[in-house]
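# next one to model:
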Amino acid sequence: MTTLGHCSRGAIALITAIVFPILLGFTSLGVEVGHWYLTQRVMQGAADAAVISATAQYIQDQVAGNTSSTAYQTVGVNYALLNGFTIPNANVCLITASGDNCSTVRSLDSRPIMCSAPPCMVVEITQNTFAWLTTQVSMRPAASGATSSVQPIPTPTIRARSVVSMTLTTTTTTTTIGNSCILTLANARNAIQVRGNGDIHANCGLLIDGGRDQNASGAACSDGTTAPCAGLTLSGANADVHITNLTVASSTAGPTGSSCPDASRCFLYNPPTTVLPTSAIFTNVATPDPFAGRVFTKPAGQVITTVTLAARNGYTGTSTFTVQGGTGQAAKFQATINGNNTVTGFTLVDPGQYTSLPPNPVSVRDLNGNSVAVTFNLQAANCLPGTQFSAMPTPIPNRAYCSMPVTRTTTFPNGIYYAEGGDATCSGLCITAGNITAQTTPGGGATFVLTNVSGGTSYATFVVSGNSTVSLTAPASNINADGSACNSGCANTTFGMIVFQDRNAPSTTSLASDGTVTPAATHNSLSGCGNSSTCRTLSGSLYFPNQTLNFSGNGQVQGTCFGLVAKYLDDAGTPIFQNGCLPGTTGGGGSSGSSVTGGTMRLTQ
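Below is the predicted model of the structure:
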C-alpha cells in the first residue's frame with residue numbers, strides 16, 4: 001500500500017480527465033467570444049452601408065422638395081438586409097434641429113448618439129446571442145455526473161450603431177414681384193402680336209422670354225435691318241401698345257437699339273400720349289416661366305353619364321338617390337319613379353368618380369340615407385358630357401368633365417375642376433352665353449385644369465366671349481381637389497392659379513422664313529365684354545405654356561392680381577389690364593424662397 005501511494009503512474013490521465021472539461025469549456029467560450037467580435041464587425045459594416053444609403057436618399061428627397069418623405073427608412077432597412085441583417089424601420093431614424101424620431105434606437109442602446117450638428121442619420125443593428133444555435137446548446141443542462149461549472153455561456157446583445165452628420169446645400173432665391181401682367185415664352189418675333197386696330201392697354205409690364213435668337217434666320221425686320229426684333233410685332237399701321245414697361249430676353253427690343261419695333265406706336269399707359277421711354281425698356285433680361293414647377297394630379301376613374309331604371313320593386317316617389325357600391329366617389333341623382341315603370345325629372349347631382357364601378361343593377365339610398373327597393377343600371381365613361389354638366393344644379397370639384405360649358409349663372413365652390421376636351425360643342429371651359437355670371441364662391445377660390453382624356457389627343461381650351469360677367473378668384477393657398485385645405489404634401493399646387501393648361505397640350509409648330517411662327521389652330525380666347533369695366537374680374541393667373549391666348553373686343557380685365565403666361569399672345573382688340581403681379585423688372589417688394597440643391601455627409605459614430 002505504501003508503494004501504491006507513492007506510485008505516479010496514470011496521474012496524467014487522471015488529471016487530464018478532471019481538467020479536460022474545464023479546458024474544453026474555456027476553449028468553447030473563447031471561440032464564441034471571437035464569434036461575437038467578428039459578428040459585431042460585420043454588423044458595423046452593414047450599419048455603415050445602411051446609414052450612408054439612407055442619408056443619400058434623404059438628401060435626394062430634400063433636393064426634390066419632398067421634405068416630409070420617409071423613404072430614407074425603407075432604403076436603410078433594405079441595405080441592412082442586403083448585408084444579412086433584418087431591422088425594423090424604427091432602427092433608421094433622423095435627428096434635425098427641431099427634433100428626432102430616435103426613441104426606439106435609444107431604448108435599444110443607451111450610448112449617447114453623437115450628433116453635434118444636425119441633421120444626422122442614425123442606424124442601429126442589434127443581435128441577441130441567446131438566439132444563436134451555439135448559445136442555445138451551451139444552455140442545455142449538464143449530463144448526469146458531468147462538471148457544470150463552465151456552463152452556461154453568457155448571452156449578451158451585440159450592438160452596432162452608425163451615425164452620419166450631413167450638411168445640406170441650401171440656395172435662397174429672391175424673385176422681384178413686379179407690376180408685370182403678361183409673359184410670353186415663345187422664341188419667335190411675334191411672341192406678342194398686335195394686329196389690325198389692336199391696342200394693348202396694360203397698366204403693367206409686358207415680358208418676353210424668347211431668348212436671344214428670335215431672328216435666327218437673318219430675315220429683315222420692319223426697317224430692313226437684320227438685327228433681332230425681340231418678340232413684339234405690331235402688324236398694321238393702327239396697332240399700338242400702351243404699357244408701363246417692356247422686358248425682353250434678347251439683346252434688343254426692336255430694330256433700332258433698345259426701342260420698340262416702332263417707337264411711334266409704343267406709348268406709356270399713363271400719360272397715354274407719351275412715347276415709351278428707353279428707361280422703361282429692358283433688354284438681355286430673361287424671365288423664366290414662374291409656374292414651371294406647378295403640379296396637378298387628375299382624378300383617376302370614370303364618371304356616371306346615364307342612369308336607367310332596372311326594377312321599381314313597388315317603389316314610387318321623388319328623391320335624391322345615392323349609388324351604393326363601387327370604389328371611389330359615389331354618384332348622386334334626382335329622379336321621380338312612376339308607377340308605370342318610367343323615370344322622369346332625372347337630374348345628375350354628382351357624376352361620381354369611380355376607380356371600380358358597382359355591378360349593375362345597383363342599389364341606392366334616398367336623401368335620408370335609407371335603403372329603397374328600386375334598382376338602377378349605370379352607364380359610365382371617362383368623362384362627363386357637357387350637356388350633363390350644364391344640367392347639374394351645382395358644379396362638383398374633383399371631377400373630370402369632358403367639358404364645362406357655362407350656359408347659365410353658375411357659382412363654383414372651392415376646389416379644382418378638370419376639363420378633358422372631349423366635347424365637340426365645347427372643348428374645355430367655355431363661358432360664352434350672354435348675360436350670365438360665372439363666379440367662384442365669394443371669399444373662396446377655384447382652379448380649372450385643362451387637360452385631356454387619358455390616352456386622347458384632344459386637349460381642353462379656355463374660351464370666354466359675349467357679355468357674360470366672369471368673376472373668378474384663384475385659391476390663396478394650396479388646396480386639395482375637393483376644396484379642403486392642404487397643409488403639406490399637396491398633390492396640387494393651386495395658389496394663385498385660375499386656369500392651368502396641361503403642359504402636354506399641342507404647341508405651335510409652323511415657322512415662317514421671316515422668323516414668325518404661325519400659332520396652332522387651337523386657341524384660347526378672351527373676348528367680348530363691350531366697354532365694361534366690371535365684366536372681367538380675374539384675381540389670379542391664366543397659364544397656357546404651349547398655346548396661344550387670343551384677345552379680341554374691348555373691356556377691362558381687373559382683379560387684385562392678374563397674370564397671364566402663354567406661349568403666344570395674339571391681340572386684335574383693345575383690352576385693358578390692371579394690377580399685374582408677375583415677376584418683373586419694376587415694382588415694389590419681393591419674395592424669397594429656399595431650396596436644397598445638394599448635400600455632403602460624414603460618419604461621426
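# ok, then the element right after the lowest-mean-pLDDT helix or strand in the chain?
When each helix and strand of the chain is scored by mean pLDDT, DSSP states H and E, helix 133-138 comes last, with a mean of 53. As assigned by DSSP states H and E, the chain's next helix or strand after helix 133-138 is strand 157-184.
# and that next one, what's buried?
Within strand 157-184, the residues that count as buried by 16 or more other Cβ atoms under 10 Å are 158-166, 177-184. (C-beta placed from N, C-alpha, C; glycine too.)
# now stretch 488-500
490, 492, 493, 494, 495, 496, 497, 498, 499, 500.
# need the contact list for the closest residue to residue 460 other than its chain neighbours.
Take residue 460 and drop its neighbours on the chain: the residue closest to it by Cβ to Cβ, 6 or more residues apart in numbering is residue 428, 2.9 Å away. Counting by Cβ atoms under 8 Å, 6 or more residues apart in numbering, residue 428 touches 403, 404, 419, 421, 450, 459, 460, 461, 462, 463.
# just give me the residue closest to the centre of this protein.
Centroid-nearest residue in the chain, with Cα atoms, centre = their mean: residue 295, separated by 3.4 Å.
# now it: closest residue in space, sequence neighbours ignored.
Using Cβ to Cβ, 6+ apart, the nearest residue to residue 295 is residue 493, at 5.4 Å.
# and the one you found, helix, strand or coil?
On the three-state scheme (DSSP: H, G, I helix; E, B strand; the rest coil), residue 493 is labelled coil.
# and residue 344, how many neighbours?
A count of nearby residues for residue 344, using other Cβ atoms under 10 Å, gives 9.
# let me fix that: residue 476
14.
# which strand or helix spans it?
Using DSSP H and E, no helix or strand contains residue 476.
# pretty sure it contacts residue 495?
Yes: with contact defined as Cβ atoms under 8 Å, residue 476 reaches residue 495; the gap is 6.3 Å.
# what's around residue 114, how many residues?
So residue 114, with other Cβ under 10 Å, has 12 neighbours.
# what pLDDT is listed against it?
For residue 114, the pLDDT comes out at 91.
# same thing with residue 274?
92.
# what's near enough to touch the nearest residue to it once chain neighbours are set aside?
In space, and not counting its chain neighbours, residue 274 is closest to residue 268: 4.6 Å by Cβ to Cβ, 6+ apart. The neighbours of residue 268, taking Cβ under 8 Å, 6+ apart as the test, are 242, 243, 244, 274, 275, 276, 277, 280.
# how about residue 292?
residue 545.
# which strand or helix spans it?
Judged by DSSP H and E, residue 292 forms part of no helix or strand.
# phi, psi of it?
Backbone torsions for residue 292, taken as degrees, to the nearest 10, come to phi -60, psi -30.
# how much space between it and residue 183?
According to Cβ to Cβ, to the nearest Å, residue 292 stands 12 Å off from residue 183.
# sec struct for residue 46, please.
helix.
# tell me how many other residues crowd it.
22.
# can you tell me how far it sits from residue 601?
17 Å.
# which stretches of the stretch 251-400 of the chain form strands?
266-268, 281-282, 303-311, 317-323, 327-329, 332-337, 343-350, 353-356, 362-365, 371-381, 400-401 (DSSP state E, counting those that start in this stretch).
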